[in-house]
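After the sequence you'll find the predicted model.
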Amino acid sequence: MIVRTALGVARCLTVAAVLLLPAAMRGQGATRGSRAARIVEGRVMRPHADDQDPLPVPSIMVTLHQVTRAGGHPIDSMRTNRDGRFSFRYPDAADSTAIHFVSVSYAGITYFSAPLRNPVIRGDDADMTVFDTTSRPVTITQRGRHIVVSAAGVNGARQVIEVFELSNDSSVTRVAPPNGSTWSGGIPVSARGFNVGEGDISADAVTAKQGRVDVEAPIAPGLKQLSFSYELPASAFPLSIPAEHHTDVLEVLVEDSLGVASGAGLSEVDPVNVDGRHFRRFTARDVAPASVARVVIATPPRLSRGAFIAVVALALGAAMLVVLA
């Protein structure tokens, strides 16, 4: 069963084009041999309040979209019948980069299907689930938080990447109240160059100001990923990172042999290598909201003047021995 939440009706097609088009280009060939008929048949449903079988959503508009490198546009639409069913039959596109998907808007939120890659899609692969919305407090659980501290650059600054796995375990979509947010978290006040990365939440719906990151996008039931990065000067270390929210799994990666993460129950585990970069790895489970993680980058020990002279003398002596030999 497919559940995809967009950020709003106004930019639904644009977001879908950006998120879905690259994957489609990788998965399809350069040409299509024929323009055979394609079929998608599914149902639109919403969860039952008593955890019973989902309820059909009748008479709701479902739209079929096509997206290519040149842009996207709707190519057909229909309303569901009393059982919440819809059905589209459409020709294969002449453009080899084209992908198709369906969307439905419910309670002000637009939901997208996954790309319709197969010629015929029916049943669970085509079904869509929509949810009622609320601006009342709904607990958004942090299933995971991953913090990556990169090696120091030429100016001593380090890039930090944070990835959150946010879970809405209710049966309603959380929407932001007036002048509010659906989720909020802290970042160091010295952070610069804030940038939202790939994930389930668009950069347009994320703001960073005065050490806070606020998400305005609706958060539907299920798991959503939020990622962002920023740069910290050398003076920001040692770095304290408050947990703020209960976190099931906390992971800190430090790209420095002298870097150590502690506090919040963190303990060192096996290091990891990513694209030839070496990271020390620290993990913790069931991190309490009041916990604080701390990242310390130790300074390499400096040789005293006497030790420096001794090292140089030994090196020169070794070099002379090699020459004499």
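Everything's here; your move.

Can you show me the helices along the protein?
Taking DSSP state H as the criterion, the chain contains helices spanning 12-27, 305-324.

and residue 170, what pLDDT?
Confidence at residue 170, expressed as pLDDT, is 87.

show me the contacts for the closest residue to it other than its chain neighbours.
Closest residue in space to residue 170, ignoring its immediate chain neighbours: residue 138 at 5.1 Å, by Cβ to Cβ, 6 or more residues apart in numbering. Heads up, the C-betas are built off the backbone N, CA and C, glycines and all. Residues near residue 138 by Cβ atoms under 8 Å, 6 or more residues apart in numbering: 168, 170, 172, 174, 219.

Closest to residue 94 out of those?
residue 219 (38.2 Å; Cβ to Cβ).

Contacts only, for that closest one.
Residue 219 is in contact with 5, 138, 140, 166, 168, 173-174, 182-183, counting by Cβ under 8 Å, 6+ apart.

and if we set it to 6 Å?
With contacts defined as Cβ atoms under 6 Å, 6 or more residues apart in numbering, the neighbours of residue 219 are 168, 174, 182.

Count the neighbours of the last one for me.
What it means is residue 182. 23 (other Cβ atoms under 10 Å).

just checking, it touches residue 172?
No - with contact defined as Cβ atoms under 6 Å, residue 182 and residue 172 do not form a contacting pair (11.9 Å).

Against residue 44, how distant is the residue nearest to residue 239 when sequence neighbours are not counted?
Excluding the flanking residues, the one nearest residue 239 by Cβ to Cβ, 6+ apart is residue 295, at 4.4 Å. Distance of residue 295 to residue 44, computed by Cβ to Cβ, to the nearest Å: 47 Å.

do the same with residue 37
Following Cβ to Cβ, the distance that separates residue 37 from residue 44 is 23 Å.

more crowded one of the two?
For the pair residue 37 and residue 44, the greater number of neighbours falls to residue 44 (26 against 10), based on other Cβ under 10 Å.

Which residues does the more buried one form beta bridges with?
Going by DSSP bridges, residue 44 is paired in beta bridges with residue 128.

residues contacting it?
Applying Cβ under 6 Å, 6+ apart to residue 44 gives the contacts 57, 60, 80, 84, 104, 128.

quick one on the thing from earlier: by mean pLDDT, show me the worst of the helices of the chain.
Per-segment confidence across the helices of the chain bottoms out at helix 12-27, which has a mean of 40 in mean pLDDT.

Contact partners for the residue nearest to residue 239?
149, 239, 261.

hmm, try it at 10 Å
With contact taken as Cβ atoms under 10 Å, 6 or more residues apart in numbering, residue 295 is in contact with 147, 149, 158, 160, 232, 236-241, 252, 254, 256, 259-263, 266, 282.

buried subset of those residues?
In the contacts of residue 295, burial by neighbour count holds for 147, 149, 158, 160, 232, 236-237, 239, 241, 252, 254, 256, 259-263, 266, 282, counting by 16 or more other Cβ atoms under 10 Å.

can you give me the strands for the stretch 151-300 of the chain?
If DSSP state E, counting those that start in this stretch is used as the criterion, the strands of the stretch 151-300 of the chain fall at 158-168, 172-174, 183-186, 192-196, 206-209, 212-215, 222-232, 239-242, 247-254, 259-262, 267-274, 277-287, 292-297.

Take those strands and lay them out in a markdown table including distance to residue 99.
Putting these into a markdown table (distance: least, Cβ to Cβ, whole Å) gives the following:
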| stretch | distance to residue 99 |
| --- | --- |
| strand 158-168 | 26 |
| strand 172-174 | 25 |
| strand 183-186 | 30 |
| strand 192-196 | 24 |
| strand 206-209 | 26 |
| strand 212-215 | 27 |
| strand 222-232 | 21 |
| strand 239-242 | 39 |
| strand 247-254 | 34 |
| strand 259-262 | 41 |
| strand 267-274 | 30 |
| strand 277-287 | 34 |
| strand 292-297 | 41 |
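
between these, which gets nearest to residue 133?
Within the strands of the stretch 151-300 of the chain, the stretch nearest residue 133 is strand 172-174; the backing value is 4.6 Å (Cβ to Cβ).

by contact count, what packs against the closest one?
Applying 3 or more Cβ pairs under 10 Å, 6 or more residues apart in numbering; DSSP states H and E, one finds that strand 172-174 makes contact with strand 132-134.

Distance from the strand it packs on to the middle of the chain?
Here strand 132-134 is found 23 Å from its chain centre; the criterion is Cα atoms, centre = their mean, to the nearest Å.

buried sites along that strand?
residue 133.

ok, the closest residue to residue 242 other than its chain neighbours to residue 268 distance?
Setting aside the residues directly before and after it, residue 242 is nearest to residue 292 in space (Cβ to Cβ, 6+ apart), at 5.2 Å. Distance of residue 292 to residue 268, computed by Cβ to Cβ: 18 Å.

can you check residue 222 too?
Distance check for residue 222 against residue 268: by Cβ to Cβ, it reads 32 Å.

again with residue 71
The span separating residue 71 from residue 268 equals 49 Å under the rule Cβ to Cβ.
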